[in-house]
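K.L.:
structure, please.
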Amino acid sequence: MYRRTIPVVLLAMAVLFTAGRADVPPEPGHSRISAPLTIQTDQDLSDYRFFIESPMRLEEITIQKGDPTVIDPEGRAGAGRIVTLWAVPRKSITDELAFTDPSKLPGTDEALRDGRIVGSIKLLTHSFQTTVSDEERSAWENPVYRVTRDDAKGLVANRTGGQTTKAGQNAPASATTKSSDRSLQIALAGGVVFLLAAVGLGLWFLRRASKNQAV
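P.N.:
As a prediction, the model looks like this:
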């Protein structure tokens, strides 16, 4: 009985945790849309390597002079939909922080966030899913950023297009991601609640199995 109970408990926990992580629907009068990220440059940036970081993974992208880089939102759900674009000087990438070695990923992304990689630059934060009002949906344009050199900061990313409102003006990044971030916070909170419920359910099953064995 005990051995049969464990798989049931694990399955229940997996189902409940997945349900808790699911995205909540947008508020009435709003629509959720996918937002690819386009990055351009008209300069030679070959002395840098570029990475997008999320709580789920760290991956390298290529940004070349004259060729736009388009990052598709497909497969970037949940916490993985919000990413940070980093520029890292090639000379700062050491064997101890091998960006292409998955086993060293936790130490690498932590070093980025803590500012321990010399010369690393946080260029922008982007959400691959955003929520807009139904009235403004027809005016929505996917965000476009241009990366250029800066004497003070090394590199900067300036938005040159996209994320327009119905009035045709560029909307602040905080305005276009506020609702999306709120949905993510609600989903994560729901996940915690469901996980706690699953743990309680699992303990109940285990105690019941122990009692049956004792009998």
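
K.L.:
show me where pLDDT drops low in this structure?
P.N.:
Low-confidence segments of the chain, defined by pLDDT under 70: 1-24, 95-106, 163-195, 210-215.

K.L.:
ok, 80 please
P.N.:
Along the chain, the parts satisfying pLDDT under 80 run over 1-26, 56, 94-109, 162-215.

K.L.:
now do the helices in the protein.
P.N.:
2-21, 105-113, 173-214 (DSSP state H).

K.L.:
disregarding residues adjacent in the polypeptide, which is nearest to D150?
P.N.:
Distances taken as CB to CB, 6 or more residues apart in numbering put V156 closest to D150, at 4.5 Å, once the chain neighbours are dropped. All C-beta spots, glycine's among them, are computed from the backbone N, C-alpha and C.

K.L.:
return the residues in contact with that neighbour.
P.N.:
The contact partners of V156, by CB atoms under 8 Å, 6 or more residues apart in numbering, come to 123, 147-148, 150.

K.L.:
and R146, how far from T69?
P.N.:
11 Å (CB to CB, to the nearest Å).

K.L.:
touching both of these two, which residues are there?
P.N.:
Contact criterion CB under 8 Å, 6+ apart; residues shared by R146 and T69: 39-40.

K.L.:
in space, what's closest to P36 - neighbours in sequence excluded?
P.N.:
N142 (5.2 Å).

K.L.:
tell me who's in contact with that neighbour.
P.N.:
Taking CB under 8 Å, 6+ apart, one finds 35-38, 162-163 in contact with N142.

K.L.:
which of these fall in strands?
P.N.:
Judged by DSSP state E, strands contain the following of the contacts of N142: 37-38.

K.L.:
and the contacts of N142, which are buried?
P.N.:
Neighbour counting over these (16 or more other CB atoms under 10 Å) leaves 35, 37-38, 162-163 as the buried ones.

K.L.:
quick one on the thing from earlier: most neighbours, which of the contacts of V156?
P.N.:
V147 (24 neighbours; other CB atoms under 10 Å).

K.L.:
ok, what's across the strand from that one?
P.N.:
Taking DSSP bridges as the rule, V147 bridges to A157.

K.L.:
from K91, how far out is it?
P.N.:
19 Å.

K.L.:
cool, and F205?
P.N.:
In terms of CB to CB, F205 sits 56 Å off from K91.

K.L.:
what's the answer for E110, then?
P.N.:
E110 is 21 Å from K91, by CB to CB.

K.L.:
surely T69 and E60 touch.
P.N.:
No - using CB atoms under 8 Å, T69 is not in contact with E60; the gap is 11.3 Å.

K.L.:
the more surrounded of the two?
P.N.:
Neighbours were counted for T69 and for E60 using other CB under 10 Å; T69 has more, 16 against 12.

K.L.:
how about that one: what's its closest non-neighbour residue?
P.N.:
I39 (4.5 Å).

K.L.:
contact partners for the one you found?
P.N.:
Contacts of I39 (CB under 8 Å, 6+ apart): 61, 63, 68-69, 71, 85, 144-147, 157.

K.L.:
from these, which land in strands?
P.N.:
Those of the contacts of I39 lying in strands (DSSP E): 61, 69, 71, 85, 144-147, 157.

K.L.:
report the buried members of those.
P.N.:
Of the ones in strands among the contacts of I39, these count as buried by 16+ other CB under 10 Å: 69, 71, 85, 144-147, 157.
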